[in-house]
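**Student:** Sequence plus predicted model, see below.
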Amino acid sequence: MKINYDIIADIHGRFDKLEALMEGLGYEKRGDSFIAPARHKALFLGDLIDPKPGHESPGGVRATLQAVKAMCDRGDALCLMGNHELNAIYFHSKGPDGKYLRVRGSKNIAMHQGSLDDFPDYDDPMSEWQQVWIPWMKRLPFFLELEGLRAVHACWHPEMIARIGQRNFDDLAFFFAAANKAHLEGEALEILLKGIEVPLPHPHSLVDHTGSVRRQFRARWWERVEKNAVCSELVFPANDQIFDWPIAEEAISQFLPYPESEPPVFFGHYLKPAHSPLEPEKANVACLDHAAAKDGPLVAYSWRGEAQINPQHYITHES
Ligand SMILES: [Mn+2]
């Protein structure tokens, strides 16, 4: 049976936008969740959690998790792990030495505060957060290769996908190894869920959307990069802090030129500006994160088996 996938990126706890989008897609609200129309499934690309604190949808993290899990349990949805779920899992899990696997420093807390607000008893081992949501998030896949389409939270990287293979967090050795970016397993998850980071030429730096100073930039990983390429044409999304500086030659090998003959690949993560046009990056490459976490629309791409992404198959929670 042919399945149409309604693909939805970074919700970040905005259940208000999710409800409106699902209605627009023809899903039926039932109880805390949504029933898919016949021959449809939702495909969530991760980052369900971590809204900005004080957002307009209080309780939205819990409501989003509940709705998506119920859909997955019923076979009405698939859901990938995003970097925010990955970070949360380690923030709430201890290593063999009894220390948290993600440092509970002020920056990491701030990134996660919007979810902690929905689950104030998060450190209680008997809490819903610990009993239901951490175990559920730990079982989310890191990538999906479906018939005719591919999905990942940030970057489709064949070598890193092969490195992870079919392993998941039920495998404790893998779970502990992947907690550290310096390990091969941690590096692989970092790239699939956060994308490649390309070094800026010395002495340049930029300030990211959280206010942190960075010496690398998020890049259009799917592009074929020529030797005379410059940073401004490879940064994603476009960034006016980055100029026509030549890209370091050793950085070119980080890119994963995505051939036109491959199935369409969908990802989120990159927080495209809210006013971005509803169209793919390339005929078979689409980032669907249009900044629903901020003032942007929550977007779905309604895939009906096509090899070329069709701009008419986009829908937003406002349409
Ligand atoms: Mn993300």
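**Tutor:** Here it is on my side, so go on.

**Student:** Tell me which residue of the stretch 201-319 of the chain lies closest to the ion.
**Tutor:** residue 269 (3.7 Å; CB to the ion). C-beta coordinates here come from the backbone N, C-alpha and C atoms, glycine included.

**Student:** Spell out which residues of the chain are next to the ion.
**Tutor:** Within the chain, the residues that sit near the ion (CB under 5 Å from the ion) are 47, 82, 83, 269.

**Student:** sorry, back to before: correct me, but the residue of the stretch 201-319 of the chain closest to the ion touches residue 154?
**Tutor:** Yes. Counting by CB atoms under 8 Å, residue 269 sits close enough to residue 154 to count as a contact (4.0 Å).

**Student:** Overlap of the contact sets of the two?
**Tutor:** 83, 193, 194, 195 (CB atoms under 8 Å, 6 or more residues apart in numbering).

**Student:** what residues are up against the closest residue to the second one other than its chain neighbours?
**Tutor:** With CB to CB, 6 or more residues apart in numbering as the measure, residue 83 is the residue that lies nearest to residue 193, at 4.2 Å, once sequence neighbours are left out. Residue 83 makes contact with 46, 47, 153, 154, 193, 194, 269, according to CB under 8 Å, 6+ apart.

**Student:** Correct me if wrong: the fifth one contacts residue 143.
**Tutor:** No. Shown here, residue 193 and residue 143 do not form a contact pair, counting by CB under 8 Å, at 9.3 Å.

**Student:** Can you pick out the residue with more neighbours from those two?
**Tutor:** Higher neighbour count among residue 193 and residue 143: residue 193, with 26 against 20, using other CB atoms under 10 Å.

**Student:** Quick check: pLDDT value at the more buried one.
**Tutor:** Looking at residue 193, its pLDDT is 98.

**Student:** which residues does it contact?
**Tutor:** 46, 81, 82, 83, 86, 142, 152, 153, 154, 269.

**Student:** Can you name the next helix or strand after the helix or strand where it lies?
**Tutor:** Assigned by DSSP states H and E, residue 193 falls within helix 184-194. Counting by DSSP H and E, the next helix or strand C-terminal to helix 184-194 is strand 197-199.

**Student:** surely residue 297 meets residue 289?
**Tutor:** No. Checked against CB under 8 Å, the pair residue 297 and residue 289 is beyond contact range at 10.6 Å.

**Student:** Looking at these two, which is more packed in?
**Tutor:** residue 289 (28 against 21).

**Student:** List the contacts of residue 285.
**Tutor:** Contacts of residue 285 by CB under 8 Å, 6+ apart are 222, 258, 264, 265, 309.

**Student:** Tell me the helices and strands packed up against the biggest helix by length in the chain.
**Tutor:** Looking across the chain with DSSP state H, the single longest helix is helix 60-74. If you count contacts as 3 or more CB pairs under 8 Å, 6 or more residues apart in numbering; DSSP states H and E, helix 60-74 packs onto helix 15-24, strand 33-35, strand 40-44, strand 77-79.

**Student:** can you put the ones you listed in a markdown table and add distance to residue 114?
**Tutor:** Formatted as a markdown table, those follow (distance: least, CB to CB, whole Å):
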| stretch | distance to residue 114 |
| --- | --- |
| helix 15-24 | 12 |
| strand 33-35 | 21 |
| strand 40-44 | 18 |
| strand 77-79 | 19 |
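
**Student:** Now that we have these, can you turn them into CSV and tack on distance to residue 117 and mean neighbour count?
**Tutor:** Below are the helices and strands packed on helix 60-74 laid out as CSV (distance: least, CB to CB, whole Å; neighbours: other CB atoms under 10 Å):
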stretch, distance to residue 117, mean neighbour count
helix 15-24, 14, 21
strand 33-35, 22, 20
strand 40-44, 22, 22
strand 77-79, 22, 23
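
**Student:** now those in TSV, with distance to residue 1 and mean pLDDT?
**Tutor:** Output for the helices and strands packed on helix 60-74, formatted as TSV (distance: least, CB to CB, whole Å; pLDDT from 0 to 100):
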stretch	distance to residue 1	mean pLDDT
helix 15-24	22	98
strand 33-35	17	98
strand 40-44	11	98
strand 77-79	15	98
